[in-house]
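Trainee: with the input below, show me the fold.
(4 chains, ligands or ions: 6)
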Amino acid sequence: MTDVELYHNDYENKWCPGCGNFGILEAMKDALAGLDIPPSKALIVSGIGQAGKTPHFLKCNFFHGLHGRALPVATGAKMANNDMTVLVNTGDGDCYGEGGNHFLAAVRRNVDITALVHNNKVYGLTKGQASPTSDMGMTTKVQGKGVILSPFDGPSVALSLGAGFVARGFAGRMDHLSGLIQAAIRYSGFALIDIFQPCVSFNRRNTWQSYNESVYELTEENHDPADLDAAFKLCRQGDEKIPIGIFYQKETVSFSDRIEVLREGPLVSRTFAPARVQNLLNTY
Amino acid sequence: MTDVELYHNDYENKWCPGCGNFGILEAMKDALAGLDIPPSKALIVSGIGQAGKTPHFLKCNFFHGLHGRALPVATGAKMANNDMTVLVNTGDGDCYGEGGNHFLAAVRRNVDITALVHNNKVYGLTKGQASPTSDMGMTTKVQGKGVILSPFDGPSVALSLGAGFVARGFAGRMDHLSGLIQAAIRYSGFALIDIFQPCVSFNRRNTWQSYNESVYELTEENHDPADLDAAFKLCRQGDEKIPIGIFYQKETVSFSDRIEVLREGPLVSRTFAPARVQNLLNTY
Amino acid sequence: MSIDITVTVGGAAGQGLQTVGDLLARVCHRAGLYLMAINDFESRIRGGNNFFQIRISDAPVNAPRQPVDLLVALDRRSIREHRPRLSDRGLIMADAGSSNKGEKGEMEGVFTLPIRDLAKEAGGAITANTVAAGACLAILGAPWDLVRETVEDFFSGKSRKVIDQNIAAAEKGHEAGRSVKFQGAFQWPDGRERKGRLLTGADAAALGALAADCRIAAFYPMSPATPILVSLASHIDRFPLVLEQAEDEIAAVNMTMGAAFAGVRAFTATSGGGFALMTEGLGLAGITETPIVIVNAQRPGPATGLPTRTGQADLPFCIHSPQDDSPRFILAPGTVEDVFNTMVRAFDLAWKYQAPAIVLVDQYLCDSMFIALGEMTVPESIPIYTITDADMPDPSAYQRYAFTESGISPMALPCAGQALVKVCGNEHRVDGHITEDATLRRRMVEKRQSKIPAMRGEMRPPSAHHPDAETLLVGWGSTIGPLREAVDMLRSDGMDAGCAHFTDLWPFPAEAAERVLKKAGRRIMVEGNATAQLGALIREQTGIVADGTVLKYDGRPFFPREIADAVLEQTR
Amino acid sequence: MSIDITVTVGGAAGQGLQTVGDLLARVCHRAGLYLMAINDFESRIRGGNNFFQIRISDAPVNAPRQPVDLLVALDRRSIREHRPRLSDRGLIMADAGSSNKGEKGEMEGVFTLPIRDLAKEAGGAITANTVAAGACLAILGAPWDLVRETVEDFFSGKSRKVIDQNIAAAEKGHEAGRSVKFQGAFQWPDGRERKGRLLTGADAAALGALAADCRIAAFYPMSPATPILVSLASHIDRFPLVLEQAEDEIAAVNMTMGAAFAGVRAFTATSGGGFALMTEGLGLAGITETPIVIVNAQRPGPATGLPTRTGQADLPFCIHSPQDDSPRFILAPGTVEDVFNTMVRAFDLAWKYQAPAIVLVDQYLCDSMFIALGEMTVPESIPIYTITDADMPDPSAYQRYAFTESGISPMALPCAGQALVKVCGNEHRVDGHITEDATLRRRMVEKRQSKIPAMRGEMRPPSAHHPDAETLLVGWGSTIGPLREAVDMLRSDGMDAGCAHFTDLWPFPAEAAERVLKKAGRRIMVEGNATAQLGALIREQTGIVADGTVLKYDGRPFFPREIADAVLEQTR
Ligand SMILES: Cc1ncc(C[n+]2csc(CCOP(=O)(O)OP(=O)(O)O)c2C)c(N)n1
Ligand SMILES: Cc1ncc(C[n+]2csc(CCOP(=O)(O)OP(=O)(O)O)c2C)c(N)n1
Ligand code: SF4
Ligand code: SF4
Ligand SMILES: [Mg+2]
Ligand SMILES: [Mg+2]
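Mentor: Ligands and ions are numbered 1, 2, ... in the order given. Modelled structure (predicted):
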């Protein structure tokens, strides 16, 4: 096991004190250390938002791109070099709002990526507008009358798209979350972890307290992750009891494994064969 | 009942002979006639693709916009004038591919729109590339090795988003489809009808014959449209038996009905009150 | 101008700088003073270092100054950041609570007050910013009853308890502040006659939209455009108005188009990256001739760039996107009055010519507070540019894209009568159906382009300050305040300087521009971008090559002195 | 040039025009003739009216001609559409089967052959196009064995039965065609020495990408870019190549960026509306200095416009999008050779300068077939512009955005060693972390801009044909063939004409342009857009104002004669 300190970065952290993101950050470090993936072997791709800033706060290779577009960047990078461990840090707005279309495609494409959705049910970085996961009725400075759209639930949608690894975490259960992240990284294919993350600055509904009171961990006794119908039902449970853990897992063949040419090694390591191009050109 | 002939348009139809779209077109006319909605009272919004051309081929008000963007245009139009009956013609690529993010939002927003997804499981107008709904393994000129993404199922995703009206139709059952369209128009809220539509030019898998052999109509006996779990299961049935009909229906409050100011009448009919603006200005 | 004081309030995000700033500005406004204030903040919610800087005067001021006369430091870092800018008469006031930490010598010459302690006494640490505001105002010499009134007013939406706590906090601050001797303190006017209106550019844009009878705004949050929507949202109860947060900017612009097509004035607001996503829709508005208004609130790019800072670097992008040519208006107002009036004009022009209108503002303009002295005219009525069945000989023969001399086809609304309205983003026939015909295509392009001469005719010439000067500074958009003050500085330095400022940028008023620019012996472009974008446009459109440039692209607003100095240096 | 025949094959979509066209072109190529062929089709899959038009010659031809010498009409509408263009020696050949319907007099002078009946005899109605090709070739005088060989070759991927049926069909057509007397028939060369390579612009772009060692192409289908991907897909088995259809264009450009960041040469291809959606990503490539290549295959817009037609109206859009300034290359090749070589250069320049490169082609260039006689150079090796740990004194101190004299920072790859690669679309420090600092921002903008002089140094001057001429036609991109032929026509009409053609457009090679353009007495812009976009750019960059314009924006390609006539008219 790698020393967690190896992931320490001295770039100033810019999150609010008390933010749920700190729990996610620590869980990530713990998970990478636990799996013995040193900083130089992991690539973290992120979008824009508080969640998107995550890779600045741990030591790693990163590509911090556009709002909503982390998944396609990660997909391209993984296509180019499928030896890399690729993680994505994205917000609920980033992933399910601006980036909704890429989320749909990422699940279907089943690229071997671990997607961590920092779900604070609000647009944090832009000062508290509603996000796709905001509760109905939540008021904000622009949603003065309260949110009237029904909330987006990432796990349900992923399941409906045939996802092979769907989990929910909570920023307040670091060890549990680290376990989920490790399972997700080990999973070959697209792995979604939707993580409840309190935003102490803008979300007065979904708080540390409310989550601490309502989350419970899934165990072998209370849930079978091979049962799709049960997984759907977990998503639909109300706010009183919130299950965390792996909702659903099945074996799938990942994107890379479905592409013959990638089985011979990562594209980035292949060599250029000018004669082959010349021969092809000569057929014209 | 209005005369179906009223919807006849003499603009040249540009679909291939034998295309499933003709069935959808006739069902639309029949449904509008059946509900006594004359051409001047309906607005049809469409995207780009063969499906997107639909409003040119019947008499109506229409806005034929960009690839993937029919739903937001329809939403804006309905916000401006919620007295209009608004229908959307969109393709599987248009709605679930380029426009995927708008599809997600439209379901959540629950605007009172009827969305007809002409699902031919292929990109028709651009000559036969795979679409989000294409079967795995289907080969095309660019998917030479066959499709490797798992197919998108509109009804499942809509259900996972909490949709209130989810149906599947088949272009070869005109009367049945007309009934679905009528129910969808009558429904107050976002109504999805995913319509299997044979593409005789580019799809050799999902043919008239295969559908004719496998579709069966849902009835009171074999399905309860109030049962969400059952609805999910209908989506997951294999290709041997394909249910058509209303998968799921529940009462919801539509977008317009959730907005106080719209209850006083459509925005387009309100009057300008300069004094009110002046008063407000004077508070600065 | 006998009063010209700059007060900077610095602190971390989350310390309530905005409240301090608002209180200072409102007190000054209520007293009948003039002011302008900028907001400088990082892209984070807590921590870091932000500041609010207000310039107070007894004469109109429309630009920030760099030297700080009074620094109110809510944290230690603000002392480090701003001390170098302190003026000769400058004073630093900080919280006594923070005086024990920090580098050696850092607190030298800093006057401390027990702000946090006073706040706790008043009703809680949360009122520290009100204590600071009270103290700051006392240091400036503001009378207590004026401060009290303003605080009462400012918190009037809150509970009585909150109001009283804040009044107590302000009072404690005011009492403590009175003991501080500050050379810049001045005699406050008694009259309480407010000069003009106090508002931000974002407020002005929101009010302008309402004055234009806008009823739908579809948007996706993005700095620095969001404050426009926040301002608009605060008025939602008084108007037939729907504000919808879209799933992304693509949806926002397409919703706006749907709304306009159905007959309601609608707009969207965004910033560069969001505007990029809207460009395909902009083209759709172009070919379908749908009257939409887009506010592009500029910030430095490309990509995420500096999300909370200012810049003026989207001009050619707005002119030339998306693919192919299509007419549009581009207007870049300079003052808050201009923002308001330009919004009204933008809607009017869009609907009159059935073409999209883009209003270019920026973070500096949106987030700064100004006193508006000029006219902000609410139209008495909104011209109706659409037709109904009654206006048609035969509604069933209605053709949305009928050829006319002006290029403008009579626009009817869907479901408003018997006329069917058919709109299409493919090239189309006069009836709105798709065409592939070469001749018709040519004619439709020409129809759309034929609106341009009349559109250009609507464009106002650049406004000038000392138009006959030998050296002409040339700018656009939000820089008008700094430009004019720089000109005044240069003139008092003995230079024959003037400036020309463009609000109306497209269709470019080439002749008017040429007339104004040709007169000068030397033209210097002053722009908030790295490549002198307006300079390039002027050369393209008139052949005139600028003789120099003063360019700023660090995300901060222009200060008049720095413009004047750069000009002096270039012309020495 | 003793042979110069234009054959037009017209019919409905779905009648197999493409096959007829391919067969005609291949037979000519195999015979050692020169040719060029355009494809004109509607945005539909069945019905309507399309045509394929091939110009055959014994000397190189690089532009289409308007007069038709032989019209092969697979449907009646083609007779109506194309008869007006028939040359003096022109002949119309149609299917006897269709001769009984249609307007009176329509079949006058039309030679009919029982095409469909012959097809049925040969093996099925589906071979009607092969019958037509055989007949057409016989009418032109092509020997049967040449036709047979070609048909055999063309269908070689199919079953023996299909091959034989088509040979039978071609033979029946050929037999029937031999009875037709056509004034334009000519003696076919015996040599069978192929002149150059036969390929479309789309083929050339795909091959160029492979020659540049491109290993990933992410795309979303859009005419006229799709054929590039189709062509590439047909070679997928021979190369380490992944082709991925993205969910939309935004994903496509971001995938491309991810791939390039991870060290693989990657590109995407799209058309205007798709490019609009990519512009935010283009800015991200700019600020992150990620080497991506984007092919923008132009078609008339805005919005959906004319989806299957041609135009050249995206130049300023590509230069100026998205928000703010950032360096990029823009290259618009004119010939198929140029397309191939430009793709190789675009990748090389993108990686060398760590900046995006845009290749501008159009429907005419992508969908037309040409004979490439010029060099198409496959590089012997691909320069390595990235570094590894071994190149660094201390990999753990690696900084992606280190300041250097050239503005180009050494680029390492993620997960390739100990060096951590940190990339960010916010303004950043040298180590890739976000910064909000004003000075650093300024320096980073200047770092990126500082690459431009060297980038401009890579730009090639416009190529000229009769560079010393009094009247210079000026164009860019795909018009080079028509331009040069128009010059030849004008010169034989007695005018001292020449032309200058730009492939390299950005950073604009202003000095070289000025040198070439200044020499002429009169400059006439010839462009496929409504506003003379290159003309405006030239004025902006050099001050030179064009003296006239020949603009075409109906979606159809330029014909040399129409250019020459327009020039003659303007200069009379
Ligand atoms: C194209 C674009 N649109 C909008 C924005 C502004 N923006 C930045 S972050 C953000 C939302 C952040 O919400 P979320 O993804 O939930 O992240 P959080 O800050 O809550 O972690 C928005 C709208 C942007 N940067 N780019
Ligand atoms: C932004 C953009 N990207 C791509 C296209 C090209 N395009 C037109 S239609 C289409 C797909 C059509 O497929 P679908 O929506 O399934 O409709 P169908 O033709 O099958 O009915 C595409 C990719 C476009 N017009 N605009
Ligand atoms: S605003 Fe909310 S999500 Fe963002 S850092 Fe602060 S607490 Fe966390
Ligand atoms: S291509 Fe397919 S979907 Fe399109 S019109 Fe033809 S049959 Fe119908
Ligand atoms: Mg969030
Ligand atoms: Mg389809």
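Trainee: am I right that residue C:514 sits in a strand?
Mentor: No: under DSSP: H, G, I helix; E, B strand; the rest coil, residue C:514 sits outside any strand and is assigned helix.
Trainee: check contacts around the closest residue to it other than its chain neighbours.
Mentor: Closest residue to residue C:514 apart from its sequence neighbours, by Cβ to Cβ, 6 or more residues apart in numbering or on different chains: residue C:542 at 4.6 Å. In this view, the C-beta of every residue, glycine as well, is placed from N, C-alpha and C. Neighbouring residues of residue C:542 by Cβ atoms under 8 Å, 6 or more residues apart in numbering or on different chains: C:510, C:513, C:514, C:517.
Trainee: swap in residue C:347?
Mentor: Residue C:347 makes contacts with C:209, C:212, C:213, C:214, C:265, C:267, C:291, C:293, C:357, as judged by Cβ under 8 Å, 6+ apart.
Trainee: return the residues of the stretch 1-150 of chain A in contact with chain B.
Mentor: Within the stretch 1-150 of chain A, the positions lying close to chain B (Cβ under 8 Å from any Cβ of the partner chain) are A:96, A:98-101, A:104-105, A:108-110, A:132, A:145, A:148-150.
Trainee: what do you get if the cut-off is 10 Å, keeping everything else the same?
Mentor: When proximity is defined by Cβ under 10 Å from any Cβ of the partner chain, the stretch 1-150 of chain A lies next to chain B at A:68, A:96-105, A:107-110, A:132, A:136, A:145-150.
Trainee: just to check, residue C:453 is in contact with residue C:511?
Mentor: No: judged on Cβ atoms under 10 Å, residue C:453 makes no contact with residue C:511 at a distance of 11.5 Å.
Trainee: from the chain's centre, how far out does stretch A:223-232 sit?
Mentor: Once both centres are worked out by Cα atoms, centre = their mean, to the nearest Å, stretch A:223-232 turns out to sit 20 Å from its chain's centre.
Trainee: ok, and what's touching it?
Mentor: If you take Cβ atoms under 10 Å, 6 or more residues apart in numbering or on different chains as the criterion, stretch A:223-232 is touched by A:155-156, A:158-160, A:162-163, A:165-167, A:183, A:217-218, A:222, A:233-234, A:243, A:245-251, B:156, B:159-160, B:228-229, B:232-233, B:236.
Trainee: quick check: end-to-end length of that stretch?
Mentor: Stretch A:223-232 has its terminal residues 12 Å apart, counting by Cα to Cα, to the nearest Å.
Trainee: check contacts around whichever residue of the stretch 101-250 of chain A sits closest to ligand 1.
Mentor: Closest residue of the stretch 101-250 of chain A to ligand 1, Cβ to the nearest ligand atom: residue A:124 (3.2 Å). By Cβ under 10 Å, 6+ apart, residue A:124 lies in contact with A:15-16, A:19-21, A:49-51, A:53, A:91-93, A:118, A:131, A:197, A:199-203, C:44-45.
Trainee: of the contacts of residue C:347, which pair is most distant in space?
Mentor: Within these, C:213 and C:357 form the most distant pair, 14.5 Å apart (Cβ to Cβ).
Trainee: okay, the two: which has more neighbours?
Mentor: With neighbours defined as other Cβ atoms under 10 Å in any protein chain shown, residue C:213 and residue C:357 compare such that residue C:357 has more, 28 against 23.
Trainee: residues from the stretch 201-350 of chain C in reach of ligand 1?
Mentor: C:220, C:221, C:222, C:249, C:273, C:274, C:277, C:304 (Cβ under 6 Å from any ligand atom).
Trainee: contacts with chain D among those residues, please.
Mentor: C:249, C:273, C:274, C:277, C:304.
Trainee: in which helix or strand does residue 66 reside?
Mentor: Answering for chain A, as no chain was given. Under the criterion DSSP states H and E, no helix or strand holds residue A:66.
Trainee: that one - nearest residue in space that isn't next to it in sequence?
Mentor: Once flanking residues are discounted, residue A:66 sits nearest to residue D:284: 5.4 Å by Cβ to Cβ, 6+ apart.
Trainee: picking that back up, are any of the contacts of stretch A:223-232 buried, and which?
Mentor: Using 16 or more other Cβ atoms under 10 Å in any protein chain shown as the burial test, those include A:155-156, A:158-160, A:162-163, A:165-167, A:183, A:218, A:234, A:243, A:245-249, B:156, B:159-160, B:228, B:232 as buried.
Trainee: ok, back up a step: export the residues of the stretch 201-350 of chain C next to ligand 1 to CSV and tack on distance to chain A, secondary structure and pLDDT?
Mentor: Below are those laid out as CSV (distance: Cβ to the nearest Cβ, whole Å; DSSP: H, G, I helix; E, B strand; the rest coil; pLDDT from 0 to 100):
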residue, distance to chain A, secondary structure, pLDDT
C:220, 7, coil, 98
C:221, 5, coil, 98
C:222, 7, coil, 98
C:249, 8, helix, 98
C:273, 7, helix, 98
C:274, 9, helix, 98
C:277, 9, helix, 98
C:304, 6, coil, 98
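Trainee: what is the nearest of these to residue D:200?
Mentor: In terms of Cβ to Cβ, no member of those lies closer to residue D:200 than residue C:277, at 32.1 Å.
Trainee: name the SS class of the residue nearest the centre of chain C, please.
Mentor: What sits nearest the mean C-alpha location of chain C, by Cα atoms, centre = their mean, is residue C:365, with 2.8 Å. Here residue C:365 is helix, with the state taken from three-state DSSP.
Trainee: who in chain A is up against ligand 4?
Mentor: Counting by Cβ under 6 Å from any ligand atom, no residue of chain A is near ligand 4.
Trainee: residues near residue 112, how many?
Mentor: Assuming you mean chain A. For residue A:112, the count of nearby residues is 20 (other Cβ under 10 Å).
Trainee: chain C, not that one
Mentor: For residue C:112, using other Cβ under 10 Å, the count is 16.
Trainee: bridged to it, which residues?
Mentor: residue C:94 (DSSP bridges).
Trainee: got a list of what residue C:486 touches?
Mentor: Shown in contact with residue C:486 (Cβ under 10 Å, 6+ apart): C:63, C:465, C:473, C:475, C:479, C:497, C:499, C:526, C:550, C:558-567.
Trainee: actually residue C:489, not the one I wrote
Mentor: Contacts of residue C:489 by Cβ under 10 Å, 6+ apart are C:495, C:497, C:560, C:561, C:563, C:564, C:565, C:567, C:568.
Trainee: try 6 Å
Mentor: Under the criterion of Cβ atoms under 6 Å, 6 or more residues apart in numbering or on different chains, the neighbours of residue C:489 are C:560, C:564.
Trainee: can you give me how far the helix or strand where residue C:549 lies is from the chain middle?
Mentor: For residue C:549, the host element (DSSP H and E) is strand C:548-551. Relative to the centre of its chain, strand C:548-551 is centred 22 Å away, using Cα atoms, centre = their mean.
Trainee: sheet-wise, list the partners of that strand with their directions.
Mentor: strand C:522-527 (parallel).
Trainee: got phi/psi on the residue nearest to residue C:491 when sequence neighbours are not counted?
Mentor: Excluding the flanking residues, the one nearest residue C:491 by Cβ to Cβ, 6+ apart is residue C:497, at 5.7 Å. With angles defined as degrees, to the nearest 10, residue C:497 sits at phi -110, psi 150.
Trainee: and residue C:497, how many neighbours does it have?
Mentor: 27.
Trainee: ok, which residues in chain C are in contact with ligand 3?
Mentor: For chain C, the residues found near ligand 3 under the criterion Cβ under 6 Å from any ligand atom are residue C:45.
Trainee: nearest residue to the residue in chain C positioned nearest to chain B other than its sequence neighbours?
Mentor: Per Cβ to the nearest Cβ, residue C:258 is where chain C lies closest to chain B, at 2.7 Å. Counting by Cβ to Cβ, 6+ apart, residue C:258 lies nearest to residue B:76, which is 2.7 Å off, once chain neighbours are set aside.
Trainee: the one you found against residue C:261, yeah?
Mentor: No: using Cβ atoms under 6 Å, residue B:76 is not in contact with residue C:261; the gap is 7.7 Å.
Trainee: what sits against the residue in the stretch 451-572 of chain C that ligand 4 sits nearest to?
Mentor: Using Cβ to the nearest ligand atom, the point where the stretch 451-572 of chain C gets nearest to ligand 4 is residue C:451, with a distance of 35.5 Å. Applying Cβ under 6 Å, 6+ apart, we find residue C:451 in contact with C:327, C:353, C:407.
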